[in-house]
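In: here is my input; please provide its structure:
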Amino acid sequence: MTLHSKLLLPALACFGVAVAGPPALTLADAKVTFNGKGPAGFKIVGTTDKIDVKDGDKQVSFCVPLDSFNTGIELRDAHMKEKSLETKKFPLATLVVDRAALKLPSKDGQTEQGTVTAQLTLHGVTRAREIAYTAQRAGGATRVSASFKLNFNEHGVVVPSYMGITVKPDVEVQASFNVRP
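Out: Here you go, the predicted structure:
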């Protein structure tokens, strides 16, 4: 398999193109947040409610369009998307998890939690990430909360810097959503 195929297939899977297996799960109340830090207590928080998930026979793919993140400051968002994340060239962040590695509750009232290794593709670079997650089932839906850390340098992302303030390359990402089959 070529590098191009390795990068393209997860993106296509997120949009339901050429994906075998079950159809997309229904998501509700989705939120993805990244937390970046800089000098002297400086913080950047970006959020989006755009996330797509495909549950295949062997893998679950989570995709987030990077141009949907909002930090609350338009100019900062533009710099982040154009200069750091290069969203026109790399529009998606994709996280792929082996289905068999996930422990999900089977009955209402149950909670499962764990850590799973996933493959994160960001800025065209795929790296393994340890994802901590909790899944709680109630009313036929499962609420999933997950978090992981990444380093922009490991993915070839230019660390955001503006007017002498540079964000540290280590970022924490959290995601949460309700899912129904």
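In: only C-alpha atoms from now on, for both contacts and neighbour counts.
Out: Fine.
In: which stretches of the chain have low pLDDT?
Out: Scanning the chain with the threshold set as pLDDT under 70 gives 1-26, 181.
In: let's see that with 90 instead.
Out: Low-confidence segments of the chain, defined by pLDDT under 90: 1-29, 38-42, 52-57, 76, 99, 102-104, 106, 139-140, 158-167, 178-181.
In: what lies in contact with the longest strand along the chain?
Out: Secondary structure of the chain per DSSP state E: the longest strand is strand 125-138. With CA atoms under 8 Å, 6 or more residues apart in numbering as the test, strand 125-138 has contacts from 104-121, 142-150, 154-156.
In: just the buried subset of the residues you listed, please.
Out: Buried subset of the contacts of strand 125-138 (neighbour count, 16 or more other CA atoms under 10 Å): 104-105, 111, 113, 115-116, 118-121, 142-150, 155.
In: let me see the ranges of the strands in the chain.
Out: Going by DSSP E, the chain shows strands at 26-37, 43-48, 52-55, 59-65, 92-98, 111-122, 125-138, 141-151, 161-162, 165-166, 170-180.
In: what residues of the longest one count as buried?
Out: What that stands for is strand 125-138. Buried residues in strand 125-138 (16+ other CA under 10 Å): 125-126, 129, 131-137.
In: residue contacts, Thr33?
Out: 45-48, 173-175.
In: can I get the residues you listed in CSV with neighbour count?
Out: As requested, those are exported to CSV (neighbours: other CA atoms under 10 Å):
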residue, neighbour count
Val45, 16
Gly46, 18
Thr47, 18
Thr48, 19
Val173, 18
Gln174, 18
Ala175, 19
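In: which one of these sits closest to Asn35?
Out: Nearest to Asn35 among the contacts of Thr33, counting by CA to CA, is Val45 at 4.7 Å.
In: for Gln110, see how far away the closest one is.
Out: Val45 is 31 Å from Gln110, where distance means CA to CA, to the nearest Å.
In: next one: Val171
Out: Taken as CA to CA, the span from Val171 to Gln110 is 31 Å.
In: next, find the distance separating the residue nearest to Ala101 when sequence neighbours are not counted from Val158.
Out: Using CA to CA, 6 or more residues apart in numbering and skipping residues adjacent in sequence, the residue nearest Ala101 is Val116, 6.4 Å away. Val116 is 27 Å from Val158, where distance means CA to CA.
In: and for Gly114?
Out: For Gly114 relative to Val158 (CA to CA), the value is 31 Å.
In: repeat for Ala118
Out: Counting by CA to CA, the gap from Ala118 to Val158 is 23 Å.
In: Ala40 now?
Out: Distance from Ala40 to Val158, by CA to CA: 21 Å.
In: those two: which is more packed in?
Out: Val158 (15 against 7; other CA atoms under 10 Å).
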